[in-house]
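Undergrad: below are the sequence and a predicted model for it; my questions follow.
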Amino acid sequence: MTGPDGTAASGTRLPSFERHPLRAAVLGEIHARPFRPLESPRLVLHFAFTVDPDGARQDRAWYAGLCASHGTAGPGESDRSHVLPIAGGLLRWEQHAEFITYTFDAAPVGEHPFGPAPAGNPFGAEFRAPGPMLAAARLDVVEAPGLEEFDLARWFDPASLAALQSEEGRATAVTDFRQDGDGLTRILLVNSGMGASQTGALAQRLIEVETYRTLALMGLPMAMQHAPDVRRIEQALVKLTNGMRNANGIEHNRELLEQLSGLAADLEAGAAASAYRFGASRAYHDIVQARLGTIDEAPVPGLLAMSSFLARRLAPAMRTIQSLEERQNNLSRKLARASTLLRTRVDVDMERQNRDLLDSMNQRARMQLRLQQTVEGLSVAAVSYYVVGLVGYLAKGLSEAGLPIPDPGLVAGVSVPLVVLAIWWTMRRIRAYHADPDETRPEEKGPDAKRP
């Protein structure tokens, strides 16, 4: 049980828990843009402007100054909507992700719809637009039993006229989705028994349909802009893949790989530039469908349904955007596969080149080994010649010194085999000592080498 102030009836209070930092934002989201009641008759002027983050900050500051000039507090730092009483009506400011809307409603001038705008409305010379205008609409709420009271051809193009009924036939909306002389899309809302809250909710949904269908179509020009590039890359990929069949040599494959890399870079640059816009278009299109579903449209006899009119124009645009996005994704995968194949071929060619290079190096190494062996044989002969000469000189000197050496020449001749063998064995030992044990053959390691 709780008291009228929300506290426990027993006087006890619930414990104070630590609150999640996003609690306030999450709970406040459902009340961020509430419906406002509208009495009939009423005139509503609505403008949507695209902005960047800097433009949004500057517009918030300008709007806060406008509120201050009328003696009213402006929006808080976290507020995304605010209502300002001005010029006998209400000006509603709303900040969205990439656009800002200003909506002004007041009593109409005159008895007929789409008369002159109220004098002193906020969209005069002193109004500061936060950015380029994207959507503009004028909705006139009138109270009448039905459309029979009005000459629709006076305000709308009969070729584009679309209508809907809602609230169990108590509301009828008519528009042609065209701009009038002031650049506004005219919407006529006939109230045949709705309350102020129902009228305000339906009017806001109709204005949101106009705003979001415009935002959804922003992706179409970008899709048409990128379509020729995608087609060019597709055709170039066909030529390159055909050229891969007849590619010979690593240089040709490398040239094809460079061309594929250039195509992939062009494609990814275009896909990155359009990804946000295409995603936003899908999201805005979903919002349009959701708003039409919430309105619970019923057909108006003799007139094209509003949802059918929008589907006939929005659906092809969204299919064009979706088709181009799918082509980009498929083309990216094909380029990746072709690049992988070419890289594999280049790697195989490089391995083949490396193998041929190693074979050539092995041949040169064998030639050097043979040359070394030849030089080694000559070195043994040359060193042996000098050593035998030294032995001969030594024997001759000893003979002259009185030692019993009958013939120094004979001594030198007898020493030749011994000297040659000693020199050969010494050089083999030296080469075996300096050689790599893993590369030296067992017979080259000498009799003292350890065998496994």
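TA: Arrived safely, thanks for sending.
Undergrad: flag the shaky bits of this structure, pLDDT-wise.
TA: Applying pLDDT under 70 to the chain flags residues 1-12, 28-33, 247, 249, 373, 376-377, 434-452.
Undergrad: show me the helices in it, by range?
TA: Secondary structure of the chain, counting by DSSP state H: helices at 23-29, 53-69, 196-216, 219-245, 250-295, 306-400, 408-434.
Undergrad: export the first one as PDB, just CAs?
TA: What that stands for is helix 23-29. Extracted C-alpha coordinates of helix 23-29, given in PDB (Å, rounded to 0.1, in the frame of the first residue of the first chain):
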ATOM      1  CA  ARG A  23      18.500   4.800 -16.200                       C
ATOM      2  CA  ALA A  24      17.400   8.400 -16.700                       C
ATOM      3  CA  ALA A  25      18.000   8.400 -20.400                       C
ATOM      4  CA  VAL A  26      16.300   5.000 -20.900                       C
ATOM      5  CA  LEU A  27      13.200   5.900 -18.900                       C
ATOM      6  CA  GLY A  28      13.000   9.400 -20.400                       C
ATOM      7  CA  GLU A  29      13.100   8.100 -24.000                       C
END
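Undergrad: centroid residue for the chain?
TA: Nearest residue to the geometric centre of the chain (Cα atoms, centre = their mean): A272, 4.1 Å.
Undergrad: next, the contact list for that residue, please.
TA: By Cβ atoms under 8 Å, 6 or more residues apart in numbering, the contact set of A272 is empty. All C-beta spots, glycine's among them, are computed from the backbone N, C-alpha and C.
Undergrad: return the distance of D286 relative to A216.
TA: From D286 across to A216, the span is 9 Å (Cβ to Cβ, to the nearest Å).
Undergrad: for I233, same thing?
TA: 27 Å.
Undergrad: equivalent analysis for G146, please.
TA: 31 Å.
Undergrad: who has more neighbours out of the two?
TA: A216 (24 against 12; other Cβ atoms under 10 Å).
Undergrad: touching, the more buried one and F278? I think so.
TA: No. Counting by Cβ atoms under 8 Å, A216 sits too far from F278 to count as a contact (10.8 Å).
Undergrad: burial check on P37, number of neighbours?
TA: 13.
Undergrad: before we move on, what about the one 10 residues further on?
TA: A count of neighbours around F47, defined by other Cβ under 10 Å, yields 22.
Undergrad: shouldn't it be in contact with N121?
TA: No. Using Cβ under 8 Å, F47 makes no contact with N121, being 11.3 Å away.
Undergrad: quick check: domain ranges of this structure?
TA: The chain breaks down into these domains under automatic domain parsing: 32-194, 219-355, 366-444.
Undergrad: nearest to V209, out of the ones you listed?
TA: domain 219-355 (5.0 Å; Cβ to Cβ).
Undergrad: sort out which residues of stretch 400-416 are buried, please.
TA: By neighbour count on 16 or more other Cβ atoms under 10 Å, the buried set for stretch 400-416 is I405, P408, V411, A412, S415.
Undergrad: span of that stretch from start to end?
TA: Distance between the two ends of stretch 400-416: 22 Å, counting by Cα to Cα, to the nearest Å.
Undergrad: would you turn the domains of the chain into a markdown table with distance to L22?
TA: Listed next are the domains of the chain as a markdown table, based on distance: least, Cβ to Cβ, whole Å:
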| stretch | distance to L22 |
| --- | --- |
| domain 32-194 | 12 |
| domain 219-355 | 21 |
| domain 366-444 | 68 |
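Undergrad: who wins for proximity to L206 among the ones you listed?
TA: Using Cβ to Cβ, the nearest of the domains of the chain to L206 is domain 32-194, at 5.6 Å.
Undergrad: roughly how far out does that closest one sit from the chain middle?
TA: In terms of Cα atoms, centre = their mean, to the nearest Å, the centre of domain 32-194 is found 35 Å from the chain centre.
Undergrad: tally of neighbours for V142?
TA: 20.
Undergrad: what do you get for M427?
TA: 15.
Undergrad: that one against L378, yeah?
TA: No. Between M427 and L378 there is no contact under Cβ under 8 Å: 11.4 Å.
Undergrad: D266 and A272, how far apart?
TA: Per Cβ to Cβ, D266 is found 11 Å from A272.
Undergrad: scratch that, V209 is what I was asking about
TA: V209 is 31 Å from A272, where distance means Cβ to Cβ.
Undergrad: for E258, same thing?
TA: 21 Å.
Undergrad: before we move on, what about L303?
TA: Between L303 and A272 the computed distance is 44 Å (Cβ to Cβ).
Undergrad: now the spatially most distant residue from the centre of the chain: phi and psi?
TA: For the chain, the residue at maximal distance from the C-alpha centroid (Cα atoms, centre = their mean) is G402, at 105.3 Å. With angles defined as degrees, to the nearest 10, G402 sits at phi 110, psi 0.
Undergrad: can you count the residues close to the closest residue to R213 other than its chain neighbours?
TA: In space, and not counting its chain neighbours, R213 is closest to V288: 5.0 Å by Cβ to Cβ, 6 or more residues apart in numbering. Per other Cβ under 10 Å, the neighbour tally for V288 reads 23.
Undergrad: residues contacting V288?
TA: V209, Y212, R213, A216, L310, L314.
Undergrad: at 6 Å what do you get?
TA: Contacts for V288 (Cβ atoms under 6 Å, 6 or more residues apart in numbering) come out as V209, Y212, R213.
Undergrad: from T101, how far out is it?
TA: Where T101 is concerned, V288 sits at a distance of 16 Å (Cβ to Cβ).
Undergrad: now do V238
TA: Distance from V238 to T101, by Cβ to Cβ: 47 Å.
Undergrad: what do you get for T241?
TA: For T241 relative to T101 (Cβ to Cβ), the value is 50 Å.
Undergrad: and the two? Which one has more around it.
TA: With neighbours defined as other Cβ under 10 Å, T241 and T101 compare such that T101 has more, 21 against 16.
Undergrad: so that one touches W93, yeah?
TA: No. Look at T101 against W93 with Cβ atoms under 6 Å: they stay out of range, at 7.6 Å.
Undergrad: identify the contacts common to F47 and N121.
TA: Common neighbours of F47 and N121 (Cβ under 6 Å, 6+ apart) do not exist.
Undergrad: how about I287, what does it touch?
TA: Y212.
Undergrad: same thing but at 8 Å, please
TA: By Cβ under 8 Å, 6+ apart, the neighbours of I287 are E208, Y212, A216.
Undergrad: export those to TSV and append columns for distance to D229.
TA: Shown next, in TSV, are the contacts of I287 (distance: Cβ to Cβ, whole Å):
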residue	distance to D229
E208	34
Y212	28
A216	23
